[in-house]
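Peer 1: no sequence for this one, just the structure:
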């Protein structure tokens, strides 16, 4: 009984930290959301009155629709191309024994471990020197440099956790490579691919440094716009800045929620854990 009491006591600091963190995150988001609809919120616990004036003003003043479109165009293409490269590469690295396997793992980890400036500045120098910077293609290319390693870091452990004996058994029973891949491997990979898709998309959508280094006015994403406005907004109403922040946060929260639900459904459908 005493041992159980001591164990419960040791958990108290953990619960306090966890509760404080959750309260902090929820508090920040709630402050932004409430602030978007407030007309005057300075010395009271809650705003004195509410309206959608600043939400509408932020949408029109900052051209949010334009930056949404640019962000989606760039990030969807970069994510798709990253996945096309990641899926076969991850399978080979997870299943095949190679002498340089550990070296390849370390190589693909470099873009994640190194500061983005260390990667972005040399690439930006090359792109500007040959006159192809500030274009959609270059922004997509530089995001892929991050998207592929990040995707591999998620999908390789997922594939390694799959039971290879199922594939061997299928081949023993007469299935060719194509049938093994389409009937055995792909269904097992779908939950992992969806998880990789979610994480790569969010990572690329929120990237600031690399896009800023090689992007121009035509390729500025919503992330660039939000950071530029917030860093230079000294006289803007706080409600207007909160509205801009909400426009940035809301799509990511909605996308993440929907894709997590989809991932859970796929895991149940294909027998994932």
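Peer 2: Structure's in. What do you need? Values in this document were obtained by computation on a predicted structure and should not be read as measured data. Residues are numbered from 1 along each chain as shown.
Peer 1: ok, and the closest non-adjacent residue to residue 238?
Peer 2: Of all residues not flanking residue 238 in the chain, residue 35 sits nearest, at 6.2 Å (CB to CB, 6 or more residues apart in numbering). Yep, even glycine has a C-beta here, placed from its N, CA and C like the rest.
Peer 1: what about the one you found, how many residues close to it?
Peer 2: Residue 35: 20 surrounding residues under other CB atoms under 10 Å.
Peer 1: Confirm for me that it is in contact with residue 41.
Peer 2: Yes. Contact criterion CB atoms under 8 Å: residue 35 and residue 41 qualify, at 6.3 Å.
Peer 1: overlap in contacts of those two?
Peer 2: Residues touching both residue 35 and residue 41 (CB atoms under 8 Å, 6 or more residues apart in numbering): 47, 238, 239.
Peer 1: For PyMOL, write the select line for the buried members of the residues you listed.
Peer 2: The following PyMOL line selects those of those that are buried, judged by 16 or more other CB atoms under 10 Å:
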select buried, resi 47+239
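Peer 1: centroid residue for this structure?
Peer 2: residue 202 (1.9 Å; CA atoms, centre = their mean).
Peer 1: quick one, helices of the stretch 1-150 of the chain?
Peer 2: 2-36, 53-61, 64-95, 101-113, 116-129, 136-161 (DSSP state H, counting those that start in this stretch).
Peer 1: what's near enough to touch residue 179?
Peer 2: residue 170.
Peer 1: Low-confidence regions, this protein specifically.
Peer 2: The chain contains residues with pLDDT under 70 at 1-10, 263, 266-273.
Peer 1: centre of the chain versus stretch 153-167, how much separation?
Peer 2: When distances are taken as CA atoms, centre = their mean, to the nearest Å, stretch 153-167 is centred 22 Å away from the chain's centroid.
Peer 1: Please apply the same query to stretch 35-42.
Peer 2: That offset, for stretch 35-42, works out to 30 Å (CA atoms, centre = their mean).
Peer 1: Excluding residues flanking it in the chain, which one is nearest residue 215?
Peer 2: Using CB to CB, 6+ apart, the closest residue to residue 215 is residue 139 (5.0 Å).
Peer 1: Now for the one you found, how many residues are close by?
Peer 2: Residue 139: 29 surrounding residues under other CB under 10 Å.
Peer 1: That one touches residue 74, doesn't it?
Peer 2: Yes. Using CB under 8 Å, residue 139 is in contact with residue 74, at 5.5 Å.
Peer 1: Overlap in contacts, these two.
Peer 2: What both residue 139 and residue 74 touch, as defined by CB under 8 Å, 6+ apart, is the set 211, 219.
Peer 1: ok, now which ones touch the residue nearest to the centre of the chain?
Peer 2: Contacts of residue 202 by CB under 8 Å, 6+ apart are 252, 255, 256.
Peer 1: now it, what's its secondary structure?
Peer 2: Three-state call for residue 202 (DSSP: H, G, I helix; E, B strand; the rest coil): helix.
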